[in-house]
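>>> Sequence and predicted model, in that order:
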Amino acid sequence: MTSNSLVYLIALPLFGSAVLLLAGRRSDRWGHLLATALSAGSFGIGLMQFSQMLSRSNEQRAVSQKLFSWISVGSFEVDAGLMLDQLSICFVLLITGVGTLIHIYSIAYMSHDHDRRRFFAFLNFFIAAMLLLVLGDSYLNLYVGWEGVGLASYLLIGFWNQKPTYATAAKKAFIANRVGDMGLSLAIMIAFATLGTVSFAGVKEHASQASTGALTAIGIMLLVAATGKSAQFPLQSWLGDAMAGPTPVSALIHAATMVTAGVYLITRSNFIFDAAPTAQLCVAIIGAITLLFGAVIGMAKDDIKKALAASTMSQIGYMVLGAGLGPAGYAFAIMHLLTHGFFKAGMFLGAGSVMHGMDDEVNMRRYGGLSKFMPITFATFGLGYLAIIGVPPFAGFYSKDKIIEVAFNAGGIKGITLGVAALLGAAITAFYMTRVVILTFAGSKRWDDKAHPHESPFLMWGPMALLALGSVTSGFLFTHGDALRNWLAPVVEQIPAHEGELLSPMIVSILALVLVVLGVSLAVIKYFLNEVPETVPENVTIFTKLARRDLLQDAFNEAAFMRPGQSLTRALVKTDVAVIDGAVRGIARLASGSGKALRTTQTGFVRSYAMWILLGAIALIAAIWMVTL
Amino acid sequence: MNAANYLYVSALLFTIGAIGVVVRRNAIVVFMCVELMLNAANLAFVTFARINGNLEGQVVAFFTMVVAACEVVVGLAIIVTIYRSRRSASVDDASLLKR
Amino acid sequence: MNWLTTLMALPLVGALVISVLPKSNALAAKRAAFATTLIVAGATITMAVQFQRDNVEIQFVESRSWIPSFGIKYALGIDGIALVLILLSVLLAPIVVLAGWNESSGGRWSAKTFYILLLVLETMIVGVFSATDVFLFYVFFEAMLVPVYFLIGGFGTGERSAAAVKFLLYSLFGGLLMLASIIALYVLSGEQIGHTFDLAALSHLTMDSTTENFLFLGFFIAFAIKAPLWPLHTWLPDAAASATPGTSVLLLGVLDKVGTFGMIRYCMTLFPHATKTFTPMIIVLALISIIYGAFLAIGQKDLKRLIAFTSISHFGFITLGIFSMTSQGQSGATLYMFNHGFSTAALFLIGGWMMSRRGSSKIADFGGLQRVTPVMAWTFFIAGMSSLALPGLSSFVSEFLVLVGTYTRYPVAAVIGTFGIVLAALYILIPVQRALHGPVTPGNEGLSDLNMRERIAIAPVLAIIIALGFYPSPLLNVINPAAAHTIAQSGFTDPVSQIDAKAGK
């Protein structure tokens, strides 16, 4: 089916950002309102499309729109085309819905920043790029949105780039993402070389005919792309620094939407991964590693945003793990993605609200006892907290437990290893999230009297409340009658679950709950019953020290890539001047040097010239004589 | 008389002239030596004309004399001018070509 | 109507008009030059509209006998590739004049001379792209050097004379090798088809492989110097660092394209077998250029030299595309030439404004410009994004086509080339961070933002960069038939995909 309104989903926010950027200061007064309205408009169109989809049968729901022929050279033909199916509508609603809420939140949050208009222009640009990412009907269209959101992320992380560290953080994010993008472009090249097409439909149709080797290569390259964008191991290091951006950005881009694009990519390419088991296994392993990696880092962070960022990394690890478990896991990966979109965005906005009330202080050791001063923030944050640690019946319980269950049931050693990792992650999550909540909202006050904590205005807590509502109800809604699984069925083609399972859902839930209670209790003992020092304690185990240093991710990157790269650059610069240009200058010197040497024969004395002439003449005669003889 | 003898004289004169050009410093003497070489060549031309029994060599000899006369005019003029400006007729003093 | 001759005559007429203007009136010379370049651009667009894009034959053909005793003809004609490059040149010319309104002052000679040289150069450029007689091509190829030599040596900055001489000697060296090959071709043609310099006729010569290889190298080295390909690149950073920004735009944006254009038009069509022989070697050189240029760009402290080295990396991509011998690579390379012209123009012009305001080309002297001069900073940023081939901007389409085309035939080369896109992010973002971000460094507080003239000059460049990113078809439709024709002429066909191969298509 075709639909002519898909393009407006993207066009509205794109138009908004163009107007705000081109109009400049003239639009300072109404720019944020326009941006919010356009984002809401996009959400409206999304809802309209959704209701239309609901009215059709499940196989007829996907719609597409071809705009024009974008690139066409020989057999390489790519249309600028959009496609909205059951998978992308989930994202469209998440992006525009949460996006609009965050627009509203930012009106108040950024009200004192004199560059607020620019901020909204970037937000709108991000919405447009992200929509293009999920709506593109080919890998190349997706790529445009993929780098577009990377650019938006770069601009927003570096929004306050007058601070050199913030500018560096932005650059780091862009470059880590570029490494991932390299994977995506290689995946597209391999796909074209083997399948002769780069559209989703075409690749899906031909995937079964291609060799497993080629599909594995495509799959691994797509995984590289996903690790870059979704901050998965080993390209995860940029996410923590990305918290340099304004908090609404962290909520929207670095928690709810952009960083989950990798999960989208893997789920979208299910036809490749299902035919390439090795690549699929890699996906699951990367997910498992990252979920533990992020969780461990999260335990040691004192900066509230960085703790939440580590948590995001870990939660996306769950999603990637889910997506790596194949047909049984895709739906749950997407479900966790959506519920995570609600509760993590809500918590980030809560963190922003706390910072708003605490003069932009981010160190949790300087918080404490804030629940009295910010009851609404505490309530919404608390609901998000209950959702993320997986307390029934909050959203995270449904989505996370399902992933753990599917992991256990993946079969063999693989299943047990992944399942244990996921369970362990759940326990650690409970620990560090409890730590965040206690350090921030409970206990005694540790801030100095200069700070005047206060509740945020309605424009800020309104969106937080709505997101909290989502974190409470969404899990139940998605699982009720397997709603989301059935919805996504035409896209990801599931196999029936509950087949030779290792652990029943009940046992998994109980196991997970026990571990969660364990994690929570540990945190309560450590941070609630004991005094929290205001300064960072130094007499800690080596593990804590490593976790504080992000498990040496930056140290490794610097030692393995940055410094050798810098030395190589310096060496090459020297080589270019000394050797290559040196050779050229050497030839020039040879010419001028030999000229100088020959010049000494030019004495200026007429007599010596005469002698040379004479000798020359004699030599000539001699030569002629010799020849004629 | 054997015509070859004239050629020997010519070669001798030419050699004397050439050596003079190379070793002497006085511009006038160098100039004279150049004249000597020209005349040696003339002698050879005339001798060859005699040997071959035609007049072409003699024509060239006259031609050379005319050229030599012109050369004397220009050459002496240069020498005199150099002498005027430098107070010396030594060719080594006039090493202007080097700079 | 003799379109091509007209296009070449118009700038000369403009130059004549300027030459009779009084020396003191620089403004009149500027206006006359601007008007002339605009007229030429208009005329070219009118011509381009009449171009039959599905016709692979050479179009707008003109042919007159020039030196009949040697069979030399004044023969012109263009195909899609040449048309795109001529369009690039004539569109950039008015922008360069307008953007560098004050560049002509402070030179060794008057502003009048500057614009006369510029217009003469424009004539030569149109000539070099449209010549279909090899000797005529050679004449333009060498004559082009003269105005550029004086533009660098007379109006540049720093060690301008040394840079100009280096440029001239490098180019002359290459030109000499090419001349030797051309003469050899002439001799061969005399033995086989009667003395001629006609390109189409020469492409049917038969020669043994040793001869062909040597003649190929004669042409190729000349073009590799012009393009410039590693390791023949060292003249470029010096020339670009010494020339005025406008001259640099013409030098890197247009003149260097003669090298890559020559590879397509002369190396490939005249010597198809030698092309096949040398392709692996050239691909290696192209890859080295990509990576090496990028690393060198990262290591530069001077903004002009940095841009010059990014161009070396980009020329590596163009060469890679050309010698991938696939229609995607070939079309992508030609499109790349066009796009690179505009993105480099934007970088050099905006960089030039930054440098003339600050009075320094050292990156370290800038900082925090985004707060002081937002418009200048943003335009520079967009230009930088175009240089690193951000999807949605024009260079992405061409770079991706080059890579995808290369992958279908030489997967390893494409993988190595892909590393270039990560390095590109580094060499753009590092100067962006140092010059535009961070706190405002002392000495930059009072810089003025772009004025109206500068905004008008840069707006069309950025508009083209963005528009072609989303809708490259107008150019691709012109390029595709010519590119496919060139590939077919050299005896190559596109590799088929695994699936199609299985299906037996």
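It's in.
>>> per-residue confidence at A:Gly500?
For A:Gly500, the pLDDT comes out at 58.
>>> how about C:Pro391, what does it touch?
Residues in contact with C:Pro391 (CB atoms under 8 Å, 6 or more residues apart in numbering or on different chains) are A:143-144, A:146-148, C:400, C:469. Where C-beta positions appear, they are placed from N, C-alpha and C, glycine not excepted.
>>> What does A:Gln65 show for phi and psi?
Per-residue torsions, A:Gln65: phi -150, psi 120 (degrees, to the nearest 10).
>>> any idea how far chain C is from it?
15 Å (CB to the nearest CB, to the nearest Å).
>>> thinking that residue is in contact with A:Ile10, fair?
No. A:Gln65 lies out of contact with A:Ile10 (CB atoms under 8 Å); the separation is 10.6 Å.
>>> Overlap in contacts, the two.
In terms of CB under 8 Å, 6+ apart, A:Gln65 and A:Ile10 are both contacted by the residues A:Leu82.
>>> What score does residue 96 have for pLDDT?
Went with chain A since none was named. For A:Thr96, the model assigns a pLDDT of 93.
>>> My question was about chain B, not that one.
Taking B:Leu96 on its own, its pLDDT is 70.
>>> And for A:Ala395?
88.
>>> do the same with C:Ile193
On the pLDDT scale, C:Ile193 gets 85.
>>> Same check on A:Gly425?
In this prediction A:Gly425 is given a pLDDT of 92.
>>> Compute the number of surrounding residues for it.
The tally of other residues near A:Gly425 (other CB atoms under 10 Å in any protein chain shown) stands at 27.
>>> Excluding chain neighbours, what is closest to it?
A:Leu291 (4.4 Å; CB to CB, 6 or more residues apart in numbering or on different chains).
>>> what do you get for C:Leu232?
C:Leu232's closest residue in space is C:Ile225 (CB to CB, 6+ apart), at 4.6 Å.
>>> in the stretch 51-200 of chain C, which spans are strands?
Using DSSP state E, counting those that start in this stretch, the strands of the stretch 51-200 of chain C run over residues C:59-67, C:72-78.
>>> Return the most buried member of these.
Across these, averaging neighbours per residue (mean count of other CB atoms under 10 Å in any protein chain shown) puts strand C:72-78 on top, at a mean of 22.
>>> What lies in contact with it?
Residues outside strand C:72-78 that contact it (CB under 8 Å, 6+ apart) are C:4-5, C:51, C:58-66, C:86, C:127, C:129-133, C:135-136, C:197-198.
>>> same thing but at 7 Å, please
Residues outside strand C:72-78 that contact it (CB atoms under 7 Å, 6 or more residues apart in numbering or on different chains): C:4-5, C:58-66, C:86, C:129-133, C:135-136, C:197-198.
>>> now stretch A:80-93
Against stretch A:80-93 from outside (CB under 7 Å, 6+ apart): A:6-7, A:9, A:46, A:49-50, A:53, A:61-68, A:70, A:131, A:134-138, A:141, A:200, A:264, A:267-268, A:334, A:338, A:487-488, A:490-491.
>>> So which of the contacts of C:Pro391 is surrounded by the most neighbours?
A:Trp146 (30 neighbours).
>>> How about it: what's its closest non-neighbour residue?
Nearest to A:Trp146 is A:Leu133, by CB to CB, 6+ apart, at 5.5 Å.
>>> ends of stretch A:318-338, how far apart?
In stretch A:318-338, first residue to last residue: 13 Å (CA to CA, to the nearest Å).
>>> residues making contact with it?
A:90, A:94, A:226, A:230, A:232, A:260, A:262-263, A:266-267, A:270, A:274, A:280, A:283-284, A:286-288, A:290-291, A:399-400, A:402-403, A:406-407, A:410, A:418, A:422, A:474, A:478, A:484-485, A:488, A:492-495, A:497.
>>> Buried members of these into ChimeraX, please.
Buried subset of the contacts of stretch A:318-338, written as a ChimeraX selection, criterion 16 or more other CB atoms under 10 Å in any protein chain shown:
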select /A:90,94,226,230,232,260,262,263,266,267,270,274,280,283,284,286,287,288,290,291,399,400,402,403,406,407,410,418,422,474,478,484,485,488,492,494,497
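>>> Cross the contacts of stretch A:318-338 against helices and list the overlap.
A:90, A:94, A:226, A:262-263, A:266-267, A:270, A:280, A:283-284, A:286-288, A:290-291, A:399-400, A:402-403, A:406-407, A:418, A:422, A:474, A:478, A:484-485, A:488, A:492 (DSSP state H).
>>> Now do the strands in chain A.
A:63-73, A:76-84 (DSSP state E).
>>> Please identify the most buried of those.
It is strand A:76-84: most buried of those by mean count of other CB under 10 Å, with a mean of 22.
>>> Could you see whether chain A lies near stretch C:414-421?
Yes. Judged by CB under 7 Å from any CB of the partner chain, stretch C:414-421 comes into contact with chain A at C:414-415, C:418, C:421.
>>> Tabulate the strands of the stretch 51-200 of chain C (a markdown table), appending distance to C:Leu118 and mean pLDDT.
Below are those laid out as a markdown table (distance: least, CB to CB, whole Å; pLDDT from 0 to 100):
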| stretch | distance to C:Leu118 | mean pLDDT |
| --- | --- | --- |
| strand C:59-67 | 24 | 88 |
| strand C:72-78 | 22 | 90 |
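>>> For A:Arg589, find the nearest of these.
Checking the strands of the stretch 51-200 of chain C against A:Arg589 by CB to CB gives strand C:72-78 as the closest, at 38.5 Å.
>>> quick one: that closest one to chain centroid distance?
22 Å (CA atoms, centre = their mean, to the nearest Å).
>>> as a whole number, average confidence for stretch A:340-355?
Here the average pLDDT along stretch A:340-355 is 91.
>>> that older thread, please list only the buried members of the residues of stretch C:414-421 next to chain A.
Here the buried ones among the residues of stretch C:414-421 next to chain A, as counted with 16+ other CB under 10 Å, turn out to be C:414-415, C:418, C:421.
>>> Among those residues, which has the minimum pLDDT value?
Among those, C:Ile421 has the lowest pLDDT, at 90.
>>> Doesn't it lie inside a helix?
Yes. Assigned with DSSP: H, G, I helix; E, B strand; the rest coil, C:Ile421 falls within a helix.
>>> just to revisit the earlier point, pipe the strands of chain A into TSV and attach distance to A:Asp359 and mean pLDDT per row.
Listed next are the strands of chain A as TSV, based on distance: least, CB to CB, whole Å; pLDDT from 0 to 100:
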stretch	distance to A:Asp359	mean pLDDT
strand A:63-73	48	89
strand A:76-84	44	90
